[in-house]
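Participant: Task: produce atomic coordinates for the following.
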Amino acid sequence: EYHNLGGFWSQYYTQSPDASQWEDIDMYNVSSDKFDNQWNEMYAGGINDLQTVRDKATASGDNTYYLIATLCQAYSYQVLADLFDKVPYSEALQGVTKSNVNPNYDNGADIYAGLLSTIDEAVARYQKTPKGEDPGKADLFYNGDMDQWLRFANSLKLKLYMRMAYTSKADPSAVKALLAANKFITSDAAMTQFGTSINKRNPFYEVHSDRLGGVNEMASNTMIKLLTDNSDPRIDAYYSQGSTGKWVAKEQGDFTNRDIPSAQLAKPKTSPTAPVYLLTVTELNFLVAEARVRYEGGASAQEAYENGIDASFAMHALGSGASMYSSGGVYEYKSTGNVENDVKQIALQKWISLCNTQNLEAFFELNRTHIPAYSTNAKGTPGGIGELTISYNSVLATGETPRRLLFPDVERARNNKFPGQPAKGLATKIWWDNK
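Facilitator: So this is what the prediction gives:
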């Protein structure tokens with residue numbers, strides 16, 4: 001469901017005019033109970049279970065399982081903090097041990113600091129005594145390859161540091177140290193074990209394409225316009241054409257206008273065996289490219305930028321992207337010496353490359369970098385190529401766009417430390433959104 005949310009709010013998807021399942025998301029009218037189940041699953045399911053692994057690993061001295069569980073838990077907390085800004089963290093798992101069923105909410109900046117410290121502690125523990133059971137196939141991401149998990153730790157840290165780039169918490173020295181070590185993932189952190197039988201398929205496919213019939217999510221013209229304008233071959237990997245044999249798409253949120261039959265509209269491609277990605281080599285390269293622009297004067301930024309495009313093409317079995325970024329190509333990297341101008345090129349390519357694989361990450365990043373930027377056109381008017389369009393049916397005030405989710409109703413009802421809903425609702429910025 002978070003992947004679906006990111007698909008709409010990153011303007012990869014828009015609601016079909018012939019269905020209505022996700023109109024509330026597409027018009028920025030998401031209620032406080034919309035993601036109750038997902039909140040519960042993240043905390044009572046994933047994060048709590050991972051803590052059990054950490055506790056058992058600590059008791060047995062299994063630093064292998066401890067490291068993997070810590071990194072997966074840190075990733076989960078990062079997602080929650082980026083969706084809700086403040087979430088229970090330091091007291092989140094005290095319900096059993098300390099009978100604390102009303103945990104305090106921690107600020108996002110404090111959560112980030114805690115996650116970085118926790119990652120470092122787990123890595124140091126493993127490196128000091130690298131022992132433990134080989135998880136093998138129980139490790140659904142790296143099949144027990146601990147070198148990749150150590151690289152994942154550095155890659156996740158880089159993402160956290162870059163998320164803070166526009167804040168007072170930015171740490172150039174820490175980023176430079178990570179770049180100098182250059183120990184980042186060399187293969188995607190991806191769950192690939194899905195099958196074709198019911199309940200064993202990719203969860204987005206299982207729910208949205210199979211059970212809901214694939215009748216809701218259609219291609220947003222925001223992305224279709226850019227891909228077709230640039231003759232980007234990834235369009236065939238991201239979307240399937242409708243009945244016309246042409247790339248037909250709706251403007252974002254234009255679902256009340258039934259001018260185009262859904263059968264003619266392009267749709268996002270889904271597959272029962274499509275991987276679920278935590279962190280990819282594509283994303284990593286764009287993080288490195290931006291870091292080099294911000295903190296190393298742009299040295300080797302172009303190389304990382306081009307590696308990011310290549311990784312995106314390779315992910316979709318399209319070979320190299322060199323024809324797109326070589327001299328004279330539409331995606332040629334042109335260093336200007338101006339940090340924001342150069343970051344703009346990187347962020348735009350990152351947004352294009354994350355389509356359909358890391359939708360939620362794309363939403364976080366466009367709110368951090370403001371790339372692509374929202375069009376200044378009035379509601380009901382499409383943005384230009386490379387611009388986001390204000391949803392045609394937006395319920396937010398003029399100039400406001402979605403930045404986060406509301407706190408779930410289950411917290412308001414059960415936790416007396418509930419901080420109250422944010423002042424500007426979905427348009428309230430996350431702490432790192434300072435550009």
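
Participant: From here on, just use CA atoms for contacts and neighbour counts.
Facilitator: Noted.

Participant: so Ser353 touches Ala314, yeah?
Facilitator: No: taking contacts as C-alpha atoms under 8 Å, Ser353 lies outside contact range of Ala314: 11.0 Å.

Participant: Please say which of those two ends up with more neighbours.
Facilitator: Ser353 (25 against 14; other C-alpha atoms under 10 Å).

Participant: quick one, what contacts that one?
Facilitator: Contact analysis of Ser353 by C-alpha atoms under 8 Å, 6 or more residues apart in numbering lists 282, 309, 312.

Participant: Give me the subset of those lying in strands.
Facilitator: Per DSSP state E, strands hold no members of these.

Participant: just the buried members of those residues?
Facilitator: For the contacts of Ser353, a burial check counting by 16 or more other C-alpha atoms under 10 Å picks out 282, 309, 312.

Participant: I'd like the residues you listed as CSV, with pLDDT and distance to Trp149 appended.
Facilitator: Listed next are these as CSV, based on pLDDT from 0 to 100; distance: C-alpha to C-alpha, whole Å:
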residue, pLDDT, distance to Trp149
Thr282, 98, 17
Ile309, 98, 23
Ser312, 98, 21
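
Participant: Would you mind putting the residues you listed into CSV with distance to Glu303 alongside?
Facilitator: Below are those laid out as CSV (distance: C-alpha to C-alpha, whole Å):
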residue, distance to Glu303
Thr282, 13
Ile309, 10
Ser312, 14
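
Participant: Can you tell me how far Ser10 is from His370?
Facilitator: 11 Å (C-alpha to C-alpha, to the nearest Å).

Participant: repeat for Asn434
Facilitator: 10 Å.

Participant: out of these two, which sits in the more crowded spot?
Facilitator: Using other C-alpha under 10 Å as the criterion, Asn434 and His370 rank with His370 on top: 18 against 15.

Participant: who's in contact with that one?
Facilitator: His370 neighbours (C-alpha under 8 Å, 6+ apart): Lys435.

Participant: Around Gly146, count how many other residues there are.
Facilitator: Actually, residue 146 is Met rather than Gly. Neighbours around Met146, by other C-alpha under 10 Å: 18.

Participant: contacting residues for it?
Facilitator: Counted by C-alpha under 8 Å, 6+ apart, Met146 has contacts Thr64.

Participant: burial measure for Thr167, as a count.
Facilitator: 15.

Participant: That one looks like it's in a strand, true?
Facilitator: No: assessed with DSSP: H, G, I helix; E, B strand; the rest coil, Thr167 is coil; it does not lie in a strand.

Participant: and it, backbone torsions?
Facilitator: phi -120, psi 170 (degrees, to the nearest 10).

Participant: May I have the predicted confidence score for the spatially closest residue to it that is not a sequence neighbour?
Facilitator: Excluding the flanking residues, the one nearest Thr167 by C-alpha to C-alpha, 6 or more residues apart in numbering is Trp432, at 6.0 Å. At Trp432, the model reports a pLDDT of 98.

Participant: repeat for Tyr43
Facilitator: Reading off the model, Tyr43 has pLDDT 96.

Participant: Quick check: the gap between it and Leu71.
Facilitator: Counting by C-alpha to C-alpha - Tyr43 and Leu71 are separated by 15 Å.

Participant: ok, these two, which is more surrounded?
Facilitator: Leu71 (23 against 19).

Participant: which residues sit in contact with the more buried one?
Facilitator: 119, 153.

Participant: same thing but at 10 Å, please
Facilitator: By C-alpha atoms under 10 Å, 6 or more residues apart in numbering, the contact list for Leu71 reads 50, 77, 115, 118-120, 122-123, 149-150, 152-153, 156.

Participant: which secondary structure element contains it?
Facilitator: In the assignment (DSSP states H and E), Leu71 maps to helix 63-84.

Participant: how far out from the middle of the chain is that helix?
Facilitator: On the basis of C-alpha atoms, centre = their mean, to the nearest Å, helix 63-84 is displaced by 14 Å from the centre of the chain it belongs to.

Participant: Buried ones in that helix, by neighbour count?
Facilitator: Buried, per 16+ other C-alpha under 10 Å, within helix 63-84: 63-84.

Participant: Does Pro233 lie in a helix or a strand, and which?
Facilitator: Pro233 belongs to no helix or strand, assigned by DSSP H and E.

Participant: Quick check, pLDDT for it.
Facilitator: Value for Pro233, per-residue pLDDT: 98.

Participant: From what I see, it and Ser312 are in contact.
Facilitator: No: Pro233 lies out of contact with Ser312 (C-alpha atoms under 10 Å); the separation is 11.2 Å.

Participant: Quick check: neighbours shared by the two?
Facilitator: In contact with both Pro233 and Ser312: 318, 321, using C-alpha under 10 Å, 6+ apart.

Participant: In three-state terms, how would the residue positioned nearest the centre of the chain be classified?
Facilitator: Residue closest to the average C-alpha location in the chain (C-alpha atoms, centre = their mean): Glu361, at 1.4 Å. Three-state call for Glu361 (three-state DSSP): helix.

Participant: so it makes contact with Trp351?
Facilitator: Yes: at 9.0 Å, Glu361 counts as touching Trp351 under the criterion of C-alpha under 10 Å.

Participant: Spit out the residues that contact the two alike.
Facilitator: Shared contacts of Glu361 and Trp351 (C-alpha under 10 Å, 6+ apart): 10, 283.

Participant: Please, where are all the strands along this structure?
Facilitator: Going by DSSP E, the chain shows strands at 13-15, 87-88, 105-106, 189-191, 217-219, 239-240, 267-268, 276-279.

Participant: okay, those, which one's buried deepest?
Facilitator: Most buried of the strands of the chain by mean neighbour count (mean count of other C-alpha atoms under 10 Å) is strand 13-15; its value is a mean of 31.

Participant: hmm, who's touching it?
Facilitator: 4-8, 21-27, 215-224, 249-256, 262, 266-268, 355-356, 359, 391.

Participant: on that earlier part again, if I read this right, the residue nearest to Thr167 contacts Asn107, doesn't it?
Facilitator: No: here Trp432 lies out of contact with Asn107, judged by C-alpha under 10 Å, at a distance of 11.1 Å.

Participant: Those two: which has the busier surroundings?
Facilitator: Taking other C-alpha under 10 Å, Trp432 and Asn107 do not tie; Trp432 has more neighbours (23 against 16).
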